[in-house]
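In: show me how the following folds:
(one chain, ligands or ions: 1)
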Amino acid sequence: MHELEITRSLVNVALDEAKKANARKLKSVTVVLGEMSGAVDDSVAFYFELMTKDTIGEGAKINFRKVPMQAQCRNCGSTVNPKDIFWECEKCHSMDIEMTAGKELYIESIEVD
Ligand SMILES: [Zn+2]
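Out: Numbers count the residues shown, from 1 in each chain. As a prediction, the model looks like this:
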(Lines give C-alpha, C1' and ligand atoms only; values in the text may rest on other atoms or scores of the structure.)
Protein backbone atom coordinates (compact mmCIF):
# COMPACT_ATOMS: atom_id res chain seq x y z
CA MET A 1 0.00 0.00 0.00
CA HIS A 2 1.21 3.52 0.74
CA GLU A 3 3.10 2.74 3.90
CA LEU A 4 6.30 4.32 2.61
CA GLU A 5 4.71 7.77 2.26
CA ILE A 6 2.61 7.33 5.38
CA THR A 7 5.63 6.38 7.45
CA ARG A 8 7.68 9.23 6.02
CA SER A 9 5.17 11.77 7.27
CA LEU A 10 4.85 10.02 10.65
CA VAL A 11 8.63 10.06 11.07
CA ASN A 12 8.80 13.75 10.08
CA VAL A 13 6.16 14.70 12.63
CA ALA A 14 7.76 12.62 15.38
CA LEU A 15 11.25 14.04 14.76
CA ASP A 16 9.88 17.59 14.53
CA GLU A 17 8.12 17.20 17.85
CA ALA A 18 11.21 15.69 19.44
CA LYS A 19 13.33 18.62 18.22
CA LYS A 20 10.78 21.13 19.49
CA ALA A 21 11.07 19.48 22.89
CA ASN A 22 14.88 19.78 22.69
CA ALA A 23 15.14 16.03 23.01
CA ARG A 24 18.40 14.20 22.65
CA LYS A 25 16.64 10.99 21.82
CA LEU A 26 13.26 9.89 20.55
CA LYS A 27 12.36 6.85 22.62
CA SER A 28 8.98 5.78 21.35
CA VAL A 29 6.09 6.80 19.17
CA THR A 30 2.47 5.73 19.58
CA VAL A 31 0.44 5.69 16.40
CA VAL A 32 -3.34 5.44 16.24
CA LEU A 33 -4.12 3.10 13.40
CA GLY A 34 -7.63 2.55 12.10
CA GLU A 35 -8.58 -0.83 10.74
CA MET A 36 -9.62 0.84 7.47
CA SER A 37 -6.71 3.31 7.22
CA GLY A 38 -5.10 1.19 4.52
CA ALA A 39 -1.82 0.86 6.39
CA VAL A 40 -0.34 -2.38 7.71
CA ASP A 41 1.36 -2.01 11.08
CA ASP A 42 4.23 -4.38 10.26
CA SER A 43 5.12 -2.41 7.13
CA VAL A 44 4.93 0.91 8.95
CA ALA A 45 7.18 -0.48 11.69
CA PHE A 46 9.64 -1.73 9.08
CA TYR A 47 9.89 1.63 7.28
CA PHE A 48 9.97 3.46 10.58
CA GLU A 49 13.11 1.60 11.58
CA LEU A 50 14.74 2.35 8.21
CA MET A 51 13.85 6.04 8.18
CA THR A 52 14.90 6.79 11.74
CA LYS A 53 18.41 5.43 11.14
CA ASP A 54 21.09 8.07 11.83
CA THR A 55 18.54 10.39 13.40
CA ILE A 56 17.68 10.99 17.05
CA GLY A 57 14.90 8.50 16.46
CA GLU A 58 17.22 5.59 15.77
CA GLY A 59 16.16 2.59 17.83
CA ALA A 60 12.88 4.20 18.88
CA LYS A 61 10.01 1.89 19.52
CA ILE A 62 6.82 2.26 17.53
CA ASN A 63 3.56 1.26 19.22
CA PHE A 64 0.19 0.97 17.56
CA ARG A 65 -3.20 1.61 19.06
CA LYS A 66 -5.63 -0.08 16.72
CA VAL A 67 -9.07 1.33 16.14
CA PRO A 68 -11.78 -1.00 14.80
CA MET A 69 -14.11 0.15 12.08
CA GLN A 70 -17.41 1.64 13.16
CA ALA A 71 -20.25 2.95 11.07
CA GLN A 72 -23.52 4.72 11.60
CA CYS A 73 -26.75 4.90 9.62
CA ARG A 74 -27.41 8.43 8.38
CA ASN A 75 -31.12 7.70 8.14
CA CYS A 76 -31.99 6.41 11.63
CA GLY A 77 -28.74 6.98 13.51
CA SER A 78 -28.21 3.42 14.66
CA THR A 79 -24.77 1.83 14.79
CA VAL A 80 -24.00 -0.41 11.85
CA ASN A 81 -21.44 -3.19 11.73
CA PRO A 82 -20.57 -3.51 8.09
CA LYS A 83 -19.91 -7.16 7.34
CA ASP A 84 -18.94 -6.67 3.73
CA ILE A 85 -18.81 -3.91 1.16
CA PHE A 86 -22.59 -3.85 0.80
CA TRP A 87 -23.52 -1.80 3.80
CA GLU A 88 -27.08 -1.85 4.97
CA CYS A 89 -28.69 -0.70 8.20
CA GLU A 90 -30.28 -3.65 9.97
CA LYS A 91 -33.01 -1.48 11.43
CA CYS A 92 -34.26 0.64 8.54
CA HIS A 93 -32.44 -1.06 5.63
CA SER A 94 -31.00 2.25 4.48
CA MET A 95 -27.75 2.04 2.52
CA ASP A 96 -26.79 5.55 3.58
CA ILE A 97 -24.02 4.52 5.94
CA GLU A 98 -21.25 6.72 7.22
CA MET A 99 -17.96 5.45 8.59
CA THR A 100 -17.45 7.02 12.01
CA ALA A 101 -14.23 5.28 13.07
CA GLY A 102 -11.54 3.15 11.52
CA LYS A 103 -9.73 5.57 9.19
CA GLU A 104 -7.50 7.05 11.88
CA LEU A 105 -3.81 7.36 11.18
CA TYR A 106 -1.90 9.81 13.32
CA ILE A 107 0.65 10.08 16.09
CA GLU A 108 -1.00 10.02 19.47
CA SER A 109 2.10 10.63 21.56
CA ILE A 110 5.86 10.49 21.57
CA GLU A 111 8.31 9.79 24.33
CA VAL A 112 11.65 11.57 24.39
CA ASP A 113 14.77 11.84 26.47
ZN1 LIG B 1 -30.93 2.94 9.72
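In: got the residues of this protein near the ion?
Out: Within the chain, the positions adjacent to the ion are 73, 75-76, 89, 91-92, 94 by Cβ under 5 Å from the ion. (Each C-beta comes from the backbone N, C-alpha and C, glycine too.)
In: which ChimeraX command selects the buried ones in those residues?
Out: Buried subset of those, written as a ChimeraX selection, criterion 16 or more other Cβ atoms under 10 Å:
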select :73,89
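In: helix, strand or coil for Val31?
Out: Here Val31 is recorded as strand under DSSP: H, G, I helix; E, B strand; the rest coil.
In: quick one: pLDDT of it?
Out: Looking at Val31, its pLDDT reads 98.
In: same question for Asp54.
Out: 97.
In: distance check, it against His2.
Out: Separation of Asp54 from His2 (Cβ to Cβ, to the nearest Å): 24 Å.
In: between those two, which one's more packed in?
Out: For Asp54 versus His2, neighbours defined as other Cβ atoms under 10 Å are more numerous around His2 (11 against 7).
In: that one is in contact with Gly38, isn't it?
Out: Yes - the criterion here is Cβ atoms under 8 Å, and His2 meets it with Gly38 at 6.7 Å.
In: what about the residue sitting furthest away from the middle of the chain, which SS state?
Out: Residue farthest from the centre of the chain, counting by Cα atoms, centre = their mean, is Cys92 at 31.7 Å. What three-state DSSP gives for Cys92 is coil.
In: next up, the contacts around it.
Out: Counting by Cβ atoms under 8 Å, 6 or more residues apart in numbering, Cys92 touches 73, 75-76, 78.
In: partner strands of the one helix or strand Glu108 maps to, with direction?
Out: Counting by DSSP states H and E, the element that carries Glu108 is strand 105-112. Here strand 105-112 is paired, per DSSP bridges, with strand 26-34 (antiparallel).
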